Structures are given as C-alpha cells and as structure tokens.
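*Asks:* One predicted model, sequence on top.
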Amino acid sequence: MQIVFMNRLSRISGVDQEVFAQLWIGEEEGVWSLGWRDFSGGEETQEHLWYAGGSWNEMLCVYRHELAVKMGDGYRPLIDGVFHEEDGLTGRNQEQLRLQYYSEYNGNEAIYEELCAWRRSRASSERKAPYILASNRLLRLISTFLPHTPEELLQIPGVGEGKAAQYGTDWLAITSTAAREHSFPLNWVHQEIEEDSFVSWLYKQKEVKYKKQLERLRLRRILLQGIENGLGLEQLKVNSGVNRRELIETVEELEREGYCVEKLIEVELKNVPQNEQEAIWNAYAEVGDLFLKPVLHKVYGEDFSAAEGLDSYYERLRLIRIRFRREQAPKVGMATSF
C-alpha cells in the first residue's frame, strides 16, 4: 500500500503528559484506506482502520468526521488545514460563533422557555412551522444577551430588520425587564471565553456537520444500488432506515444531478392506472409543476380524501413530476453510477 497522506497530532493527557497519534491515508489498486495510530512513550500501541473501500468521496467524509471527533477531544495537528477544505470563517463569522458558544452555556433558561412558549403560540396562530419564526439557536442568543431596545436586538446574530419588524416587539416585551450582568455592545464576550474550550466546541460543530454529510452520502449510495437492483420504496426504507418522504426527496436530488431513477419510478407506478398517470401529467402541463396541491385538486377534486391518507397520492404526484420535468428539460446524458 502507498501512503498518500500522513499527519501527526498530539494532545495533553493527565498532568501535562502529551500523547501522540498519527493519521494516514493509503491507496492500493484503487482501494482507499484510512487509519489512526495511537502512540505512547514513542511506541505504537493501537491502530484503528476507519475506512477501506473504493470511494474517495466517502473516504473523505469519514476522514473529516472522525478527525473532527478527535480534535473535539483535544488533539491538535502538526500540519494545519487538515480538513482539506476552504476555511470560510471570516472574523465576523468567528465572532458570531463565539456568541453562539457563550449562549449555549450561559443562557437564562426561564427567558428561553418563555420565548419558546411565544414561538409555539405565534406559529399556531400564523399556521407556520415554529423554526420558520425563530430557530432554537436564535432564541438561545436572545435569552442569553437579553436586549432591552430595538437597537440592541439588531446586534443579535440572526436578527435582521425584517424579523425585528415582525417579532421584535414581542421579544423585547419578554427580555426588556429581565436583569442582566452585561450590556451591549457584545465585544466583552471574547474575554469571557476560554479559547481552547471554544476551539474544541468548534470541532464538535464540524463533527455534527460531517456526520450529516456522511449519512447523506451513504443514503445516496444505498438508493442508487437499490434502484439499480429494482427495489421499491418500501424495501429502500428498510435498507436505509429513512422514511419514504426523505427517500423521494433524495430521489429528486439524484434526478436533478443527472442520475437515472426511472427504474424506481416504474416499480412504484406499475399499479397506478395509465389514465390516472395521464391525468396527472396533463394537470402539470395546465397548472404548472411548482406546487403539488393544485395538481392533486385538479386530478382528484377539491374535496378529495382517502381512508389511507394522502401520502401515497402525493408520492405518485412527485414521481410523475420527475418524469414531467425530465421531458421538459434539455436532453443530456444520464449518469448511472455513483
């Protein structure tokens, strides 16, 4: 095996005792290997094989995720830039992340719960998903720094003029009377943070990010292999552990990227009458393919309901929409492998 990349990492363990490790990537006849070696007292003690396979992309996802875990645990590399990606963190982003980090450990729980209660009530009255109004992260920030004025509220990352105009009065009614130890502007936060703990927290955020990327990559591989083998959504659901709606969303992504998903569409639509499929197609041509509900009403009627629910009907609408959009798009070659 040829070693194509290697890096040395270290961390402090116990009372000022430094421990070392080695991270390596190797290749042999198209098979990539990724591993981690622990050292103690200058001697190799244990080796962990993180990945062995033919996909560079999957190996890189595993590499980034596992490395983020190790660096979150305190390991630091001899060679910087170990994630092999552009570091898009500007000074402004860094400061916003410091505020987020501080808010996770210093929030006012009573105010946070009050803000969450407000969000549930407002989301219900506006018939919106709660996260559209405000994310948990944003409510944490507001409950930690407790703005008392509109000008202070606008200093919270994630609060723009639009959100401040919509919800600022409600938020300030909750936060403006709360006692606080610090004031605005928030440039004091930097001095309150222990730098090494903050850096470890940053790597924990990377760990979550790379884990999601890895799960997404593996889901796509399972889907493509399953589609090629003629599997339907129910079997793909079993194989992947993902619900049918997320599977179809991923199938739509694959189609947009040029992968061939027609085998799955044929399997899922084989029991749908041809005249029903044609009616759905014609409805897309008449009312457009952006929204599904108008097409559902056009084909099945405004008051249509089904004892088993509408999920299966929306599934067939989305699958036929894939075909419809493919037909409308310029003809290009379709990829068949991942």
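*Replies:* Cool, got the structure. Not measured: the values here are computed from a predicted model. Numbering: from 1, shown residues only.

*Asks:* CA only for contacts and neighbour counts going forward, please
*Replies:* Fine.

*Asks:* Which stretches in this structure count as strands?
*Replies:* Listed in chain order, the strands of the chain (DSSP state E) span 2-13, 17-28, 31-40, 43-53, 76-77.

*Asks:* Compare these and give me the one nearest residue 217.
*Replies:* Closest of the strands of the chain to residue 217 is strand 43-53, at 13.9 Å (criterion: C-alpha to C-alpha).

*Asks:* who does that closest one pair up with?
*Replies:* strand 31-40 (antiparallel) (DSSP bridges).

*Asks:* could I have the partner strand exported to PDB, CA atoms only?
*Replies:* Backbone C-alpha positions of strand 31-40 (Å, rounded to 0.1, in the frame of the first residue of the first chain) are rendered in PDB as follows:
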ATOM      1  CA  VAL A  31      -8.800   0.800  -2.800                       C
ATOM      2  CA  TRP A  32      -8.500   3.700  -0.300                       C
ATOM      3  CA  SER A  33      -7.600   3.000   3.300                       C
ATOM      4  CA  LEU A  34      -7.800   5.500   6.200                       C
ATOM      5  CA  GLY A  35      -6.400   4.800   9.700                       C
ATOM      6  CA  TRP A  36      -5.400   6.200  13.000                       C
ATOM      7  CA  ARG A  37      -2.500   5.100  15.200                       C
ATOM      8  CA  ASP A  38      -2.100   5.900  18.900                       C
ATOM      9  CA  PHE A  39       1.400   6.200  20.300                       C
ATOM     10  CA  SER A  40       2.500   6.100  23.900                       C
END
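
*Asks:* residues of that strand that come out buried?
*Replies:* 32-39 (16 or more other C-alpha atoms under 10 Å).

*Asks:* and those as TSV, adding distance to residue 298 and pLDDT?
*Replies:* Formatted as TSV, the buried residues of strand 31-40 follow (distance: C-alpha to C-alpha, whole Å; pLDDT from 0 to 100):
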residue	distance to residue 298	pLDDT
32	52	94
33	54	95
34	54	95
35	56	94
36	58	94
37	62	91
38	64	88
39	67	82
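
*Asks:* Name the residue closest to the centre of this structure, please.
*Replies:* For the chain, the residue nearest the mean C-alpha position is residue 212 (5.4 Å; C-alpha atoms, centre = their mean).

*Asks:* any weak-confidence spans in this protein?
*Replies:* For the chain, the stretches with pLDDT under 70 are 14-16, 40-44, 81-91, 331-338.

*Asks:* Could I get the contacting residues of the closest residue to residue 59 other than its chain neighbours?
*Replies:* In space, and not counting its chain neighbours, residue 59 is closest to residue 51: 6.3 Å by C-alpha to C-alpha, 6 or more residues apart in numbering. Contact analysis of residue 51 by C-alpha atoms under 8 Å, 6 or more residues apart in numbering lists 32-35, 59, 62.
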